[in-house]
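> coordinates for the following, if possible.
(one chain, ligands or ions: 2)
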Amino acid sequence: MAQDKEKSAGKLLEEQLVWKFPHIGKEAPQQVDEAASFCEGYKDFLNEGKTERECVLAAVRMLEAAGYRPLETDKKYQPGDKVYQVNRHKSLLATTFGEEPLERGVRINGAHIDSPRLDLKPCPLYEKSEIAYFKTHYYGGIRKYQWGTVPLAIHGVVVKKDGEAVELCIGEKEGDPVFCVTDLLPHLAAKQNERKLGEGLKGEELNIVVGSLPFADEEIKEPVKLLVLKLLHDRYGMTEGDFYRAEIELVPAQKAVDVGLDRSLVGAYGQDDRVCAYTALRAEIETEHPRYTTVTVLTDKEEIGSEGNTGMNAAYLKHYIEDLAETAGVRARDVFRNSLCLSSDVNAAYDPTFADVFEGNNSSYINKGCVLTKYTGARGKSGANDASAETMARVIGIMEQEGVYWQAGELGAVDQGGGGTIAKYVAQLDIDVVDLGVPILSMHAPFELASKLDVYNTYKAFRAFYKI
Ligand code: MN
Ligand code: MN
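Ligands and ions are numbered 1, 2, ... in the order given. Coordinates of the predicted model:
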């Protein structure tokens, strides 16, 4: 071993004054294996839940297995009791009662379980040139050109005339057929190549191939469409009219996989924001005796602006906390104003291939831990929550006390674009809130990348948040 050289005065001063976020693999290599084993369960969750409804079902299964029961508003709860509530099959709240009185506030961790995808139009099925297609209307911010020639699976629910709800899932099981949007061959794409990238594939070109064989009957004008309807009827008992009573979505059929020779990354569809949903759920379930009562929220509709009654711009979180307050006999508004919330959502990881849309000193990087995002928004923070210095200090303090690797980052350089999260809707309830989550490469693409070390440290941050 070489002898340690004595550090210069400047070196010592630099260590004292200059701030840097380390690469976790360099500073804490023992976490590599811990993170990899944590992410096995994460990959299973991603494969099990590719829509908000499926994520709610998976979460309820996990919660019930851990002893959670539906919230009863006429019951008195003790510290350590565990309850949950489902909102219209698409969002979910879970709670572990804490040691502190409820009027001191709750700790809220909110993540969203909807992801960008292709939704079927209400009247989707048509036949053209003896090929049957589904028309789609995309959901959330997608780059349309990325969705051509990608194997897709059908997920959804049909509520039939008699009220029976039938779940659809085709393209996930071994041996299932898949579906896709076609694109032009390069030989004939000279004109398409002149389009702007945003119109590489246009919205009305995102048509899904669903069949090409006819129902054998000369009398029928659209026999390929009829055969598709017959196959759907054979399998699900549905008719064309049932599409009007349905929510059917096309999502990438690809399963979650490891990426890289070192297997350091998870590659999968829907990591925005199921990465925070899974880590939040694990932290919720593993929290036995929290100081403050926990409220873990898995919400819907974030990708289209938190709209609708299952999105965070609705009153369901407010009502849930009011219910909790009622069971404890305290005023709900005291609970709100003393609460602290993590709006847990992903941020854009710095991508060296596209460095010019980032500002290096204020970007999040893969393998440097969960990213704390003080503000989101666009054009001068418009639409942002912009967490206060005090809120930042509280959350950083919690993470540092538990040795969590964290970093800070903005969503891209100034005026390059922007985005929003659920944070501002939580803030409207008179609650302190800040964004925290996982840096993602290729966010909103059919195949997104996250670092296992970052996923693991986000989970650690959520554990700390419910502990301290
Ligand atoms: Mn998100
Ligand atoms: Mn998103």
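> what residues of the lengthiest helix in the chain count as buried?
Ordering each helix of the chain by length in residues (DSSP state H) puts helix 31-48 first. Of the residues in helix 31-48, those with enough neighbours to count as buried (16 or more other Cβ atoms under 10 Å) are 31-32, 35-36, 38-39, 42-43, 45-48. Glycine gets a C-beta too; all of them are placed from N, C-alpha and C.
> which one of the residues you listed is nearest residue 274?
Of all those, the one with the least separation from residue 274 (Cβ to Cβ) is residue 46, at 5.9 Å.
> enumerate every residue touching residue 267.
For residue 267, the residues meeting the contact criterion (Cβ atoms under 8 Å, 6 or more residues apart in numbering) are 256-259, 447-449.
> got a winner among those residues for most neighbours?
residue 448 (25 neighbours; other Cβ atoms under 10 Å).
> can you tell me the closest non-neighbouring residue to that one?
Spatially, and ignoring its direct neighbours in sequence, residue 448 is nearest to residue 271 (4.4 Å; Cβ to Cβ, 6 or more residues apart in numbering).
> ok, now residue 130?
Nearest non-adjacent residue to residue 130, counting by Cβ to Cβ, 6+ apart: residue 224, 5.4 Å away.
> pretty sure the one you found contacts residue 131?
Yes: Residue 224 lies in contact with residue 131 (Cβ atoms under 8 Å); the separation is 6.6 Å.
> what residues are shared contacts of these two?
Residues within reach of residue 224 and of residue 131 at once, by Cβ under 8 Å, 6+ apart, are 211-212.
> out of these two, name the residue with the larger neighbour count.
Neighbours per residue, other Cβ under 10 Å: of residue 224 and residue 131, the larger number sits with residue 224, 22 against 15.
> mind checking pLDDT for that one?
The predicted local confidence for residue 224 comes out at a pLDDT of 98.
> heads up, I number from 9, so please use that
New numbering, starting at 9: the last item is residue 232.
> measure it to residue 135 for me?
5 Å (Cβ to Cβ, to the nearest Å).
> circling back: please point out which parts of the helix or strand encompassing the residue nearest to residue 138 sit buried.
Element membership of residue 232 [criterion: DSSP states H and E] is helix 231-244. Using 16+ other Cβ under 10 Å as the test for burial, helix 231-244 gives 231-237, 240, 244.
> in CSV: the residues you listed, plus distance to residue 86.
Rendered in CSV, the data for the buried residues of helix 231-244 read as follows (distance: Cβ to Cβ, whole Å):
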residue, distance to residue 86
231, 65
232, 62
233, 59
234, 60
235, 59
236, 55
237, 55
240, 50
244, 45
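> ok, so of these, who is nearest residue 30?
The nearest member of the buried residues of helix 231-244 to residue 30, counting by Cβ to Cβ, is residue 244 at 52.6 Å.
> on that earlier part again, kindly indicate which of the buried residues of helix 39-56 lies nearest ligand 1.
Distance from ligand 1 was checked for each of these by Cβ to the ion. The minimum falls on residue 54, at 14.4 Å.
> can you give me the neighbour number for the closest residue to ligand 1 within the stretch 159-308 of the chain?
Among residues of the stretch 159-308 of the chain, the one nearest ligand 1 by Cβ to the ion turns out to be residue 281. It sits 3.9 Å away. Around residue 281 sit 28 other residues, with neighbours defined as other Cβ under 10 Å.
> of the buried residues of helix 39-56, list those near ligand 1.
The residues of the buried residues of helix 39-56 that also fall near ligand 1, by Cβ under 5 Å from the ion, amount to none at all.
> could you dump the residues you listed to TSV with pLDDT and distance to residue 147?
As requested, the buried residues of helix 39-56 are exported to TSV (pLDDT from 0 to 100; distance: Cβ to Cβ, whole Å):
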residue	pLDDT	distance to residue 147
39	98	35
40	98	36
43	98	31
44	98	32
46	98	29
47	98	26
50	98	23
51	98	23
53	98	21
54	98	18
55	98	20
56	97	20
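> what is the longest strand seen in the chain packed up against?
Across the chain, the strand with the greatest residue count (assigned by DSSP state E) is strand 125-136. Contacts defined by 3 or more Cβ pairs under 8 Å, 6 or more residues apart in numbering; DSSP states H and E place strand 125-136 against strand 139-147, helix 231-244, strand 254-260.
> now those as JSON lines including distance to residue 414?
Listed next are these as JSON lines, based on distance: least, Cβ to Cβ, whole Å:
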{"stretch": "strand 139-147", "distance to residue 414": "31"}
{"stretch": "helix 231-244", "distance to residue 414": "46"}
{"stretch": "strand 254-260", "distance to residue 414": "30"}
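> among those, which comes closest to residue 92?
The stretch from the helices and strands packed on strand 125-136 with the least distance to residue 92 (Cβ to Cβ) is strand 254-260; that distance is 22.7 Å.
> please enumerate residues in contact with the closest one?
For strand 254-260, contacts defined as Cβ under 8 Å, 6+ apart pick out 58-59, 61, 123, 125-128, 132, 142, 144, 147, 158-167, 176, 187, 216, 246, 277-278, 454-455.
> could you rerun that using 7 Å?
Residues outside strand 254-260 that contact it (Cβ atoms under 7 Å, 6 or more residues apart in numbering): 58-59, 125-128, 144, 158, 160-166, 176, 187, 216, 277, 454-455.
> quick one on the thing from earlier: and the gap between the residue nearest to residue 138 and residue 162?
The gap separating residue 232 from residue 162 is 17 Å, by Cβ to Cβ.
> next one: residue 236
Residue 236 is 12 Å from residue 162, where distance means Cβ to Cβ.
> now the helices and strands packed on strand 125-136 as TSV including distance to ligand 1?
Below are those laid out as TSV (distance: least, Cβ to the ion, whole Å):
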stretch	distance to ligand 1
strand 139-147	13
helix 231-244	31
strand 254-260	16
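> give me the residue from the stretch 9-158 of the chain nearest ligand 1.
With Cβ to the ion as the measure, the residue in the stretch 9-158 of the chain that lies nearest ligand 1 is residue 120; the distance is 5.6 Å.
> number of nearby residues for the closest residue to residue 346 other than its chain neighbours?
The shortest distance from residue 346 to any residue other than its chain neighbours is 3.1 Å, reached at residue 113 (Cβ to Cβ, 6+ apart). Counted by other Cβ under 10 Å, the residues lying close to residue 113 total 22.
> now do the same contact list for residue 113.
Contacts for residue 113 (Cβ under 7 Å, 6+ apart) come out as 300, 343, 346-348.
> reformat these as TSV; add pLDDT and distance to ligand 1.
TSV is the format used below for these (pLDDT from 0 to 100; distance: Cβ to the ion, whole Å):
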residue	pLDDT	distance to ligand 1
300	98	25
343	98	26
346	98	27
347	98	22
348	98	20
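> pull the most distant pair out of these.
Based on Cβ to Cβ, the longest span within the contacts of residue 113 runs between 343 and 348 and measures 11.5 Å.
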